[in-house]
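[1] Build me a structure from this.
(chains A and B, ligands or ions: 1)
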Amino acid sequence: MTKTVTDVVCPFCGTLCDDLEVSVTDDGKQILDVYNACAIGAEKFLHSQAKDRITRPRLQQPDGTWKDISYDEAADYTAKMLAGAKKPLMYGWSSVNCEAQSVGNEIAETCRACVDNTAAVCHGTTLIAVQDIGLPTCTLGEVKNRADTIIFWGCNPCHAHPRHMSRYSIFPRGFFTGKGHKSRKLVVVDPRVTDTAKMADMHLQVTQGQDYELLNAFRVAIRNEWLPDVVAGIPKEKIIEAVTMMKAGRFGIIFFGMGVTQSLGKNHNIDEAIAVTKDLNEYTKFSIMPMRGHYNVTGSGEVLAWQFGYPYSVDLTRGFPRYNPGDTSSIDLLNRGEIDAAFVIGSDPGAHFPISAVKKISQVNSVCVDPHITPTSGVSKLHVPVAFNGVETGGNAYRMDNVPIDCRKVVDAPEGMLTDEQFLVMVRDRVKKLKGVA
Amino acid sequence: MAKITLNLISGRTIHQGVAMEGGKEKDLYRKAAGIIEMDDSDFKKLGCWKNTNVRVTSPYGTVIVKAQETSQGPHPGVGFIPMGPWANQIVNPNTYSTGMPTFKGVPVEVEVAMDQPIILGVELVQKACRGEL
Ligand code: SF4
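    Presented below is the predicted three-dimensional model:
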């Protein structure tokens, strides 16, 4: 016999779908199938069952082989490393629950570490822009029920947030959007003809790296002022047509992604996108929302902000929080060689940082807390596998629109494995003893 | 041998996402992310078959990946490597004081490297860190 766990939350992307159903064996130990999830979400649940999974912490030996150790020894090693370092970096946090993030921040404060989350390589520039000029935003529920004009700018939800369109932005029939996708207009701005762009009513194939120029042209067009014939590869007529469509809707929203945050212009691209949103509010109701990547990167920003006042790239080395992206941000700290220990949890900088920064992680003492084998665990001195968040343990997470959702535990972790939070508590207690504050 | 210049961007694909969750040490991850998607017209300029191994070189590094016909084109002059260790060998690490590396918009040169192997994800990063590449 099997049983079905309902209303399961998917711990992969910022869409944080909360309608999954997972069938498990009667003893609650094994996942048999996953329903309602997209391909990535389903794989996340199913891979947690892999037979070749690492279940005990292991230390990398000088010859590249691994030696299994106990969680106690792993916590000792981690605590000693963090307490003894001058400027440790504690990076990641986006695939762990808020409860564990909070314990991590306590360790960071005690050890005077730099704490950063994956916004550093994702929506960090968005956070800077929001601090610059604010963010007129809404929840995904409002999008589902009200939005009739959807703009995807530099993002490709078909691939990166596969159920975003079916749950919230394009297909669902909401209170005021009863005809589903027929009641919505879709504009996509992307230098490639992405699978999202192929569905659009209008695709603006912007010249890569010229989003700022195009956004600026939108602001000019909104004001009916003079425009050159072509801006960023887009003819003026198309810009005017897009703006007219945006003004004509009753409720519009701009979703934006890495296309604008990671291209040159960075935070200034977002400044301009937010300014477009503000301008459009002279004519109709418009909102804007970043397409956050990891399922709880938003939560990490929230927890850091309420504990230290800043959402990412927080430097506690002086005993109080400082924040100055470009200076206190992970990539810059690593590239400048300022870090003497690296603690990575719930993310994989080994795969997703430029290689020059990864090399710096491999040159210092390092601990990687991750259920998977990853490029980061491959170059770390200690790899601590833990239970999968949202699969083998619950905990709180924030959706991309800042709505907190409690994840559900679906199955037990393999015998003897700890959760992130349990491991962090062990490290915290040891660090406090070493620092004499316990 | 012909060389072409492209503007490189990186980003998520659903295959990369699935393969990543399936295990970054596995071959499926290399097949999903150890590739460069190019436009048909750029294949003609380079003068090679689809699914040939190529060397992609930027001012910041070099990497071997498989050249595939883009599924999300046309985008002449633009190359796309899914986010991951292969793209990150060659992206621009400069943040220009914003904290954010320049993952999109990196000028690269592409040349045929038929007999060179595409290294598995975890191994690629380990080798790069040990200076063995
Ligand atoms: S869209 Fe995102 S949250 Fe929803 S099932 Fe897919 S990966 Fe999970």
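
[2] okay, CA-based contacts and neighbour counts for the rest of this
    Fine.

[3] how about residue A:226, secondary structure?
    coil (DSSP: H, G, I helix; E, B strand; the rest coil).

[4] how far away is the nearest residue to residue A:14 once chain neighbours are set aside from residue B:23?
    Distance criterion C-alpha to C-alpha, 6 or more residues apart in numbering or on different chains; nearest residue to residue A:14, sequence neighbours excluded, is residue A:295 at 4.2 Å. To residue B:23, residue A:295 is 18 Å away according to C-alpha to C-alpha, to the nearest Å.

[5] neighbour-wise, which of these two wins?
    Neighbours per residue, other C-alpha atoms under 10 Å in any protein chain shown: of residue A:295 and residue B:23, the larger number sits with residue A:295, 25 against 20.

[6] Can you give me every residue that contacts the residue nearest to the spatial centre of chain B?
    Geometric centre of chain B, nearest residue: residue B:81, 4.0 Å, by C-alpha atoms, centre = their mean. By C-alpha atoms under 8 Å, 6 or more residues apart in numbering or on different chains, residue B:81 lies in contact with B:8-11, B:33-37, B:87.

[7] 7 Å - rerun?
    Residues in contact with residue B:81 (C-alpha atoms under 7 Å, 6 or more residues apart in numbering or on different chains) are B:9-10, B:33, B:35-37, B:87.

[8] next one: residue B:93
    Neighbours of residue B:93 in contact, by C-alpha under 7 Å, 6+ apart: A:354, B:101-102.

[9] So which residues on the stretch 301-438 of chain A come close to chain B?
    Residues of the stretch 301-438 of chain A found near chain B (C-alpha under 7 Å from any C-alpha of the partner chain) are A:325-326, A:329, A:331-332, A:350-355, A:359, A:362, A:372-375, A:378-379.

[10] Which ones among the residues you listed lie within strands?
    With DSSP state E as the criterion, strands contain none of these.

[11] Check the residues you listed one by one and keep those near the ligand.
    When these are checked against the ligand using C-alpha under 6 Å from any ligand atom, none falls in range.

[12] What subset of those is buried?
    Among these, those scoring as buried are A:325-326, A:329, A:331-332, A:350-355, A:359, A:362, A:372-375, A:378-379 (criterion: 16 or more other C-alpha atoms under 10 Å in any protein chain shown).

[13] re the thing from before, distance check, the residue nearest to the centre of chain B against the ligand.
    21 Å (C-alpha to the nearest ligand atom, to the nearest Å).

[14] most neighbours, which of the contacts of residue B:81?
    Neighbour counts for those, by other C-alpha under 10 Å, peak at residue B:87, which reaches 31 neighbours.

[15] Now the top helix by length along chain A: buried residues?
    Of all segments of type helix in chain A, defined using DSSP state H, the longest is helix A:420-435. Across helix A:420-435, burial judged by 16+ other C-alpha under 10 Å covers A:420-421, A:423-428, A:430-432, A:434.

[16] and of these, the nearest to the ligand?
    For the buried residues of helix A:420-435, the minimum distance to the ligand (C-alpha to the nearest ligand atom) is 20.4 Å, reached by residue A:420.

[17] Now do the contacts for the closest one.
    Contacts of residue A:420 by C-alpha under 7 Å, 6+ apart are A:100, A:386.

[18] how far out from the middle of the chain is stretch A:409-420?
    On the basis of C-alpha atoms, centre = their mean, to the nearest Å, stretch A:409-420 sits 23 Å off its chain's mean C-alpha point.

[19] okay, how far is it across it, tip to tip?
    Termini of stretch A:409-420 sit 14 Å apart (C-alpha to C-alpha).

[20] returning to that earlier point: mind checking pLDDT for the residue nearest to the centre of chain B?
    pLDDT for residue B:81: 96.

[21] ditto for residue A:177
    For residue A:177, the pLDDT comes out at 87.

[22] again, but for residue A:142
    pLDDT, residue A:142: 96.

[23] One more: the one 5 residues further on?
    At residue A:147 the predicted local confidence, pLDDT, stands at 94.

[24] residues near it, how many?
    For residue A:147, the count of nearby residues is 27 (other C-alpha under 10 Å).

[25] repeat for residue B:82
    23.

[26] In this model residue B:11 seems to touch it, though I could be wrong.
    Yes: proximity of residue B:82 to residue B:11 meets the contact threshold set by C-alpha atoms under 7 Å, at 5.0 Å.

[27] Which member of the contacts of residue B:93 is positioned nearest residue A:242?
    residue B:102 (28.3 Å; C-alpha to C-alpha).

[28] ok, so what distance separates the closest one from residue B:10?
    10 Å.

[29] Phi, psi for residue A:283 please.
    phi -110, psi -40 (degrees, to the nearest 10).

[30] List the contacts of it.
    By C-alpha under 7 Å, 6+ apart, the contact set of residue A:283 is residue A:247.

[31] so what's it scoring on pLDDT?
    Looking at residue A:283, the pLDDT reads 96.

[32] residues in contact with residue B:11?
    B:82-83.

[33] Oh, that last question was meant for residue A:274, not what I typed.
    Residue A:274 neighbours (C-alpha under 7 Å, 6+ apart): A:135, A:288.

[34] same check, this time on the one 10 residues further on
    The contact partners of residue A:284, by C-alpha under 7 Å, 6+ apart, come to A:247, A:249-251.
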